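# What would the 3D arrangement of this be:
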Amino acid sequence: MSDAESPPGVADTDSPAGVGESSGFEPEEPNTGEAFEPVDVFPDSDDFDLRPGADSCYKCSACDTSCPVAEVDDDFPGPKFQGPEQWRLKQSEDDYEVDDSVMDCSNCMRCDDACPSGVPLSQMHNTARGEYVSEQLSKRSVEYWRNRLLANYRLSASIASKVPRLANFAMNFGPARWLMEKTIGVTKEREFPEFESETFREWWARRGGAAASRERARESRQRRGEPADADKKVAYFHGCYSNYNSTSVGKSMVRVFEEFGYEIVVPEQKCSGTPMFANGMLKDARRHAEVNVSSMSDLIEQGYDAIASCTSCSMALRQEYPELFDIDGIDEVARHTFESVEYLRIHEDLRGELASTEVDGELAEEFAYHAPCHARNQGLERQALELFRELDGVGIEDVGDSCSGISGTYGWKKEKYEKSMEIGDEMFEHMEDAEGDVGMTECPTCASQMEHGTGYDIRHPLELLSAALVE
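Here you go, the predicted model:
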């Protein structure tokens, strides 16, 4: 591909990353993607019959004991009922309707990890929610339209980003928040994330896009003594937050990867669908997935891998898409999707890079690290700790394995706000007992919950990598 050419579907993005030796334990092997096989629960079936998955459940209740919602809500029947037991009932009772408690599931997906039999619990929950919303929830209800508004955050964010200062004022104006709670049930207790004056994609285009990234990557390879024509190229799935609300994460991703000689493209993309899965809006999620799979599969055919800086986005592309949708190219996209730091751990010597690095300035801090639930589902809960524990100028402390409680849109609903804060209590306490007063996580909604519950500033691992290796 010549310098003047950009891959099809690519909008026009900045560069580095690294690793430190862990102490006292052997690091986990990175997930290379080769062993990742989404569960196929639809053999020879066109009607979403989940009986094969249900029959693998032997009622050990490990999923129920791992569920953060069940821990704080005595009325919630838990993942075992929402998944296998409902599907058994559905098989035996022709007039069985999905229980409305399925809408209380936060889609944290911890039950998937807890199940010793590999029952595809979260996929069952997503399917049940989709059926409940499609067939039972009134389309005239406030709940339906509130949930649809929250699930389609990308749409409202794209509008708000046109007038960011006005949107930031209006959405966080006290009376406006009170009115939203009274009318549509969005809690007034949370401040809305601020919109950046320039979106990530606008910054990417202004910087020169794919052509500029190609030149920077070549310069980095030359400086590192790597072949100028090395086949190092990735397609960045930035997600909604990194585009509209936390552009520093996207910029850090670009700078870190370019520092390692990767050419970056930013393809056409929609929302990953994560908030839509959690709210049972499967038709909306499919429309977005079709765009994302089409863009990414075209690039994968050209030798690109798909990279996401949000663990919920990478989870959607690599697991939820192939479990829920039959879209041409979906399996290839799942196999070639990685979380951003995970990808560098696999392909680069991050430990070696960080071993001789010292961080000073703004990001020379003690960090309280929280591993998002969707990072745990991908086996990534230790990677930030392993990378940064021996980095000079930085301290990092694990704040435990509890859920943050916000679970995307769950903690934004008036009736679930107190539950979300109760779930997050353990994390808040650990953060406040940690040495520093700066948090770290890979998930933007977990970051907002951490900030809301403690008042700490929150950073993404890519921002620290950029400070250590590029800036």
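# Residue 272 and residue 196, how far apart?
19 Å (Cβ to Cβ, to the nearest Å). For the C-beta atoms, the positions are set from N, CA and C on the backbone; glycine is no exception.
# Between the two, tell me which one has more neighbours.
The neighbour comparison of residue 272 against residue 196 (other Cβ atoms under 10 Å) goes to residue 272, with 26 against 20.
# hang on, isn't that one packed against residue 309?
No: in this structure, residue 272 is not within contact of residue 309 by Cβ atoms under 8 Å, at 11.5 Å.
# Next up, phi/psi of residue 145, please.
When read as degrees, to the nearest 10, the backbone of residue 145 gives phi -70, psi -30.
# can you pull the pLDDT of it?
Residue 145 is assigned 97 on the pLDDT scale.
# which residues touch it?
residue 184 (Cβ atoms under 8 Å, 6 or more residues apart in numbering).
# Give the full set of residues in contact with the residue most central in space within the chain.
Nearest to the geometric centre of the chain sits residue 312, at 1.9 Å (Cα atoms, centre = their mean). Listed by Cβ under 8 Å, 6+ apart, the contact set of residue 312 reads 239, 272, 274, 372, 374, 408, 443, 445.
# Could you report the neighbour count for the fifth one?
What that stands for is residue 374. Counted with other Cβ under 10 Å, residue 374 comes out at 29.
# did I read that right, the residue nearest to the centre of the chain in a strand?
No: going by DSSP: H, G, I helix; E, B strand; the rest coil, the assignment for residue 312 is helix, not a strand.
# Domain-wise, how is this protein divided?
Following automatic domain parsing, one gets these domains for the chain: 10-18+196-347, 51-135, 353-469.
# any idea how far the first one is from the chain center?
Read it as domain 10-18+196-347. 12 Å (Cα atoms, centre = their mean, to the nearest Å).
# Then the second one?
Taking the mean C-alpha point of domain 51-135 and that of its whole chain, the gap between them comes to 22 Å (Cα atoms, centre = their mean).
# Tell me if I'm right that residue 86 and residue 98 touch.
Yes: the pair residue 86 and residue 98 qualifies as a contact (Cβ under 8 Å) at a distance of 6.5 Å.
# Which positions within stretch 152-165 qualify as buried?
Residues 152, 153, 154, 156, 157, 160, 161, 164 are the ones in stretch 152-165 that count as buried (16 or more other Cβ atoms under 10 Å).
# by contact count, what packs against the one helix or strand residue 374 maps to?
Assigned by DSSP states H and E, residue 374 falls within helix 373-376. On a contact count with 3 or more Cβ pairs under 8 Å, 6 or more residues apart in numbering; DSSP states H and E, helix 373-376 meets helix 110-114, helix 311-315.
# so where is the chain shaky, pLDDT-wise?
Counting by pLDDT under 70, the ranges of the chain that qualify are 1-52.
# Name the surrounding residues that touch stretch 60-74.
76-80, 83, 104-106, 108, 110-111, 113-117, 119, 121, 402-403, 405, 419, 422-423.
# what distance separates the start and the end of that stretch?
19 Å (Cα to Cα, to the nearest Å).
# which parts of that stretch are buried?
For stretch 60-74, by 16+ other Cβ under 10 Å, it's 62, 63, 64, 66, 67, 68, 69, 70, 71, 72, 73.
# what's the answer for stretch 343-354, then?
For stretch 343-354, by 16+ other Cβ under 10 Å, it's 343, 344, 345, 347, 348, 350, 351, 353, 354.
# and if you look at stretch 102-121?
Those buried within stretch 102-121 under the rule 16+ other Cβ under 10 Å are 102-115, 119-121.
# Surely residue 434 and residue 400 touch.
No: using Cβ under 8 Å, residue 434 is not in contact with residue 400; the gap is 10.1 Å.
# Neighbour count: those two, which is higher?
Set residue 434 next to residue 400 and count neighbours by other Cβ under 10 Å: residue 434 wins out with 21 against 15.
# Okay, and the closest residue to the more buried one other than its chain neighbours sits in which element?
Once flanking residues are discounted, residue 434 sits nearest to residue 368: 3.9 Å by Cβ to Cβ, 6 or more residues apart in numbering. According to DSSP H and E, residue 368 maps onto strand 366-369.
# ok, that strand: who's next to it in the sheet?
strand 395-398 (parallel), strand 438-440 (parallel) (DSSP bridges).
# Out of those, the one nearest residue 289 is which?
Residue 289 lies closest to strand 438-440 among those, at 29.5 Å (Cβ to Cβ).
# how far does the helix or strand following that closest one sit from the chain's center?
Using DSSP H and E, the helix or strand that follows strand 438-440 towards the C-terminus is helix 444-454. Here helix 444-454 is found 14 Å from its chain centre; the criterion is Cα atoms, centre = their mean.
# which element follows helix 444-454 toward the C-terminus?
strand 457-459.
# Can you list which of the buried residues of stretch 60-74 are found in helices?
Among these, the ones falling in helices (DSSP state H) are 62, 63, 64, 66, 68, 69, 70, 71, 72.
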